[in-house]
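Novice: would you be able to build a 3D model of this:
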Amino acid sequence: MGFPGTWMTESESVVYRVVPKCACSTIGQIMYYSDHGEFFDGDIHDAQSGLHKWALEASQEPITRNVQGHESYAFTCVRNPYTRVLSSFFDKICGIQRNGKRYRGNLVPMLIYQYGVEVGGEDGKQEFDQVQSFRRFLLFVRDTIRWRRPMDPDIHWSAMSGHVSTFICNGGRYDNIFWTEAFNDGMQKVLDAIETPQDVKLAEIPRFNESEGHGPKRAHPVEDYFDDLSMHLVYEIYKRDFELFKYDFEDPSNKMPVGEIDLDEVHAKLGN
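Specialist: Next up, the predicted model:
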């Protein structure tokens, strides 16, 4: 199994478990900058060098050695499940991807046909009922996660606890898990805890939101997308995420956490 989704600086100053839709582009660029004093030119997910990634074969041995020996500070970053699944819908389903095509080829036509989802036309720019379409998308998300039909769940909407757990199950241990909603505080704690070849001044780092501009703008406040049934579905899908990462299930309008993350609890509950 190894350590899928794990990135490490070449200097081995820090190890990061990527959780999709949780500031991963910005975090990856900060890691890249902390070694090289410059940002990767392009989407950090496309970088084939300058950063160890589990997906690169040459990186697997150093990542395995480092993580299993806990030789470096290890962290990840999480996000409110309501805003994360909503962001996935607008970016991946409604948006045109950076290759100029729809995400995953025939996925969107299948969603239109089987679930009645609308996406704003060919270019994602036309008016459509965002609330209705999102709620239908949520049924699809539940089907992929609960029954793996009509396809396996996608990394962008599968539960964060699943991503976080693979790192623990294979012998890793987190020193820090912080919230996207308090990004500067969390990322600063990471930087304060490690030695980097290049000095990183967090206040001067731009935000690398690679998904921005892909899809239509969200037309309503977050809570408008979630009625009683949608909240029930979200809880069914993301129950562990709400509990472990201390988000407010009762109030979709409150994106902020309501308690502190207990690292021991996370390791105990996700480690088997």
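Novice: in the stretch 151-272 of the chain, which ranges drop under the pLDDT threshold?
Specialist: Counting by pLDDT under 70, the ranges of the stretch 151-272 of the chain that qualify are 210-214.
Novice: ok, and the closest non-adjacent residue to V258?
Specialist: Among residues not flanking V258 along the chain, D248 sits closest, at 4.9 Å (C-beta to C-beta, 6 or more residues apart in numbering). Every C-beta, even on glycine, is put in place using the N, C-alpha and C of the backbone.
Novice: might one say that the one you found is in contact with G259?
Specialist: No - taking contact to mean C-beta atoms under 8 Å, the distance of 9.4 Å between D248 and G259 leaves them out of contact.
Novice: between these two, point out the one with more neighbours.
Specialist: D248 (16 against 10; other C-beta atoms under 10 Å).
Novice: now the top strand by length along the chain: mean pLDDT?
Specialist: The single longest strand within the chain, with elements called by DSSP state E, is strand 73-78. Strand 73-78 carries an average pLDDT of 98.
Novice: who are the packing partners of it?
Specialist: strand 14-17, helix 160-169, strand 176-179, helix 183-193 (3 or more C-beta pairs under 8 Å, 6 or more residues apart in numbering; DSSP states H and E).
Novice: give me that answer again for 10 Å
Specialist: strand 6-8, strand 14-17, helix 24-36, helix 160-169, strand 176-179, helix 183-193, helix 228-245 (3 or more C-beta pairs under 10 Å, 6 or more residues apart in numbering; DSSP states H and E).
Novice: put the alpha carbons of the second one into CSV.
Specialist: Okay, so that is strand 14-17. Provided in CSV are the C-alpha atoms of strand 14-17 (Å, rounded to 0.1, in the frame of the first residue of the first chain):
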residue,chain,number,x,y,z
VAL,A,14,8.8,18.1,6.2
VAL,A,15,6.3,15.5,5.1
TYR,A,16,2.8,16.3,4.0
ARG,A,17,-0.2,14.0,3.3
